[in-house]
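>>> Predicted model follows, preceded by the sequence.
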Amino acid sequence: MARALGLAGMAVGAALTAPGTAAAVEEVKVGVIAHNICISTCDIAGKEDGPIVDVQVNFHSPGVLRVIGAPKPFVALSPNLSGDPSFASAGLEWRWEFAEGWALIPGLGLAVHDGETDNKFPNGTPQSTQFDRDNVLYGSRTLFRTALGVERELGERWRIEAMVLHYSHGQILGSGRNQGVDQAGVRIGYRFGT
């Protein structure tokens with residue numbers, strides 16, 4: 001996964017420095033996220049650890065997305081500093097202002113990870129029991145990434161956001177094991193231009 005994250009980082013860097021792309025970037029968010037907390041997946045909380053550093057780049061919404069509320073396309077890299085699973089994702093993020101300086105930030109995307117998909121040891125063996133106790137079994141290399149944040153503006157350019165994330169294949173991108181994982185954290189965002 002380190003190689004995949006490195007390649008994804010180079011691709012994001014190349015995309016951001018390509019002619020005309022800089023104008024397409026609307027916002028960069030950086031934050032720290034707690035991995036595998038107890039929200040909807042309490043039976044597996046504690047199997048893996050964090051923290052995760054989350055770096056997300058949001059792009060201006062193209063006109064074609066107005067029909068679904070003009071969400072911002074994003075790419076994100078989320079390396080886990082403890083050595084547990086890291087994630088790379090892309091998707092759409094909406095921003096709905098509900099009060100002066102406050103906004104609700106829902107998001108939906110796809111992610112890839114370097115965690116375990118299934119138990120690699122035969123059931124009933126001591127290795128199987130230990131492996132299952134130590135690892136979240138995601139069931140698929142590709143997962144859905146759903147997110148919900150509450151954002152507060154800190155002046156014209158800066159924002160702070162508290163967020164929760166859920167990764168799961170939802171029995172759509174995979175079958176069988178679907179332990180999924182919940183995360184929560186805080187990010188600081190900087191918005192470019194107007």
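Sure thing, it's come through.

>>> partners of the host helix or strand of residue 106, with directions?
In the assignment (DSSP states H and E), residue 106 maps to strand 102-113. According to DSSP bridges, strand 102-113 forms sheet pairs with strand 87-93 (antiparallel), strand 96-99 (antiparallel), strand 142-154 (antiparallel).

>>> Tell me which of the ones you listed is the most buried.
Ranked by mean neighbour count, those are led by strand 87-93 with a mean of 22 (mean count of other C-beta atoms under 10 Å). For glycine as for every other residue, the C-beta is placed from the backbone atoms N, C-alpha and C.

>>> Using CSV, write out the CA atom coordinates for that strand.
The C-alpha trace of strand 87-93 is given here as CSV (Å, rounded to 0.1, in the frame of the first residue of the first chain):
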residue,chain,number,x,y,z
PHE,A,87,-6.8,4.4,2.4
ALA,A,88,-6.9,6.3,-0.9
SER,A,89,-10.3,7.6,-2.1
ALA,A,90,-12.1,9.7,-4.6
GLY,A,91,-15.7,10.9,-4.7
LEU,A,92,-18.1,13.8,-4.3
GLU,A,93,-18.6,16.1,-1.4
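
>>> Pull the residues that contact it.
4-5, 8, 52, 58, 65, 68, 71-78, 105-113, 145, 147, 167 (C-beta atoms under 8 Å, 6 or more residues apart in numbering).

>>> Would you show me how to pick out the buried ones of those in ChimeraX?
In ChimeraX syntax, the buried subset of the contacts of strand 87-93 is picked out as below (16 or more other C-beta atoms under 10 Å):
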select :5,8,52,58,71,72,73,74,75,76,77,78,105,107,109,111,112,113,145,147,167
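
>>> Might you report the residue contacts of the nearest residue to residue 150 once chain neighbours are set aside?
Nearest in space to residue 150, with sequence neighbours left out and distances taken as C-beta to C-beta, 6 or more residues apart in numbering, is residue 162 at 5.4 Å. For residue 162, the contacting residues are 149, 150, 184, 185, 186, by C-beta under 8 Å, 6+ apart.

>>> Report pLDDT for residue 14.
According to the per-residue confidence, residue 14 scores 47 in pLDDT.
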